[in-house]
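Enquirer: No letters, just coordinates:
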């Protein structure tokens with residue numbers, strides 16, 4: 001705004017300007033009527049060095065703090081003259097204690113405090129204490145309430161001797177309170193009865209209905225009533241089942257699957273036999289070679305005396321006594337008429353030799 005804006009008065013905004021001086025507004029100040037009831041104002045040309053006078057209901061350096069209602073004890077405000085109560089307090093002036101237990105802790109000796117209303121409470125005392133605030137210690141056994149020689153502890157519990165029971169040992173225990181043949185079992189300050197079939201109750205004095213009178217069990221089953229907390233129980237003969245033995249029992253034959261053929265064992269056996277045969281053949285060959293160390297060849301045509309062999313080189317072959325022997329020297333100049341010339345394809349120098357020969361003539 002400019003210095004010519006003198007229509008109303010100047011308002012200093014919070015945190016911007018504390019003293020208004022002549023001239024244009026600075027630091028965010030504006031020339032406008034008063035906005036808000038907690039603002040303060042002065043004349044345009046006036047200076048202020050004294051404390052600021054806030055409007056009623058506000059306080060503080062910038063007049064931004066509300067003043068609670070007069071007499072508000074445990075409350076705050078968000079606008080002027082309010083009294084918003086703190087937690088646990090109530091009333092117009094927040095002076096009524098709604099949580100007396102938390103604010104004052106009146107209960108003593110570990111008692112539990114409970115709020116019951118405005119400024120009121122009640123204490124739940126632990127055993128052995130009494131009073132409004134559980135401040136008095138008591139002994140409940142001072143009057144000796146236990147009878148018949150019973151002994152008490154600090155918290156008033158009677159330990160009764162044998163034959164007596166009750167909170168003060170005032171009741172005499174019946175040696176056999178169970179009726180109708182029931183069996184009595186003595187417990188600590190108590191007993192229990194095991195009743196015969198047909199009776200129930202704490203002392204077996206209640207006769208139960210005989211559920212077996214109508215013969216509910218079928219197929220010759222035997223009926224028992226009052227067992228296992230059931231009306232009746234049927235014990236079925238062999239071959240029947242069900243609650244009343246009404247269901248026959250069927251026997252289903254079980255057929256076992258055929259045993260699998262042990263192919264692995266058979267394969268291993270065949271392999272071992274083949275391996276044994278191979279070892280035997282190798283042993284026979286080695287034995288034959290040791291018996292005939294000189295390499296010889298078995299000749300298919302044993303009637304020949306001598307022939308020519310055509311291979312890598314020319315050798316002379318003599319056949320004697322069924323064995324063939326090679327002589328590496330040149331053949332004679334003239335062959336006998338009975339000797340045939342051959343073309344040798346294969347000769348194997350072992351004891352199992354097949355001599356393959358092709359005969360031909362000189363035509």
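Expert: Yep, it's here. Just so it is clear, the structure is predicted and the values come from calculations on it, not from any experiment. Residues are numbered from 1 along each chain as shown.

Enquirer: a helix runs through residue 290, doesn't it?
Expert: Yes: membership of residue 290 in a helix is supported by DSSP: H, G, I helix; E, B strand; the rest coil.

Enquirer: Now residue 54: closest residue in space, sequence neighbours ignored.
Expert: Leaving aside its sequence neighbours, residue 54 sits nearest to residue 63 (CB to CB, 6 or more residues apart in numbering; 3.6 Å). Placement of C-beta: from N, CA and C, glycine included.

Enquirer: Check the one you found and give its pLDDT.
Expert: At residue 63, the model reports a pLDDT of 78.

Enquirer: Same question for residue 194.
Expert: 88.

Enquirer: Could you count how many residues lie near the residue nearest to residue 54?
Expert: 19 (other CB atoms under 10 Å).

Enquirer: what kind of secondary structure is it in?
Expert: coil.

Enquirer: For residue 79, see how far away it is.
Expert: Distance from residue 63 to residue 79, counting by CB to CB, to the nearest Å: 13 Å.

Enquirer: Could you list the low-confidence segments of the stretch 251-363 of the chain?
Expert: 252-258, 261, 292-363 (pLDDT under 70).

Enquirer: Likewise for the stretch 101-250 of the chain?
Expert: 139-156, 173-175, 189, 226-230.

Enquirer: now with 80?
Expert: Within the stretch 101-250 of the chain, the segments meeting pLDDT under 80 span 102-103, 117-119, 138-176, 186-190, 197-198, 208-211, 213, 225-231, 250.

Enquirer: which residues touch residue 110?
Expert: Applying CB atoms under 8 Å, 6 or more residues apart in numbering, we find residue 110 in contact with 126, 134.

Enquirer: redo that, cut-off 6 Å
Expert: Applying CB atoms under 6 Å, 6 or more residues apart in numbering to residue 110 gives the contacts residue 126.

Enquirer: on that earlier part again, look up how far residue 56 lies from the residue nearest to residue 54.
Expert: 11 Å.

Enquirer: swap in residue 216?
Expert: 96 Å.

Enquirer: Settle it for me: which of the two has more neighbours?
Expert: residue 216 (17 against 9).

Enquirer: Can you report phi and psi for that one?
Expert: In terms of degrees, to the nearest 10, the main-chain angles of residue 216 are phi -70, psi -20.

Enquirer: give the contact list for the nearest residue to it once chain neighbours are set aside.
Expert: Spatial nearest neighbour of residue 216, chain neighbours left out: residue 244 (5.5 Å); criterion: CB to CB, 6+ apart. With contact set as CB under 6 Å, 6+ apart, residue 244 has these partners: 216, 217, 218, 234.

Enquirer: Closest one of these to residue 190?
Expert: The shortest gap between residue 190 and any of those belongs to residue 234, at 35.0 Å (CB to CB).

Enquirer: helices or strands up against the helix or strand where that closest one lies?
Expert: Element membership for residue 234 (DSSP states H and E) is strand 232-235. The contact analysis (3 or more CB pairs under 6 Å, 6 or more residues apart in numbering; DSSP states H and E) places strand 232-235 against strand 222-225.
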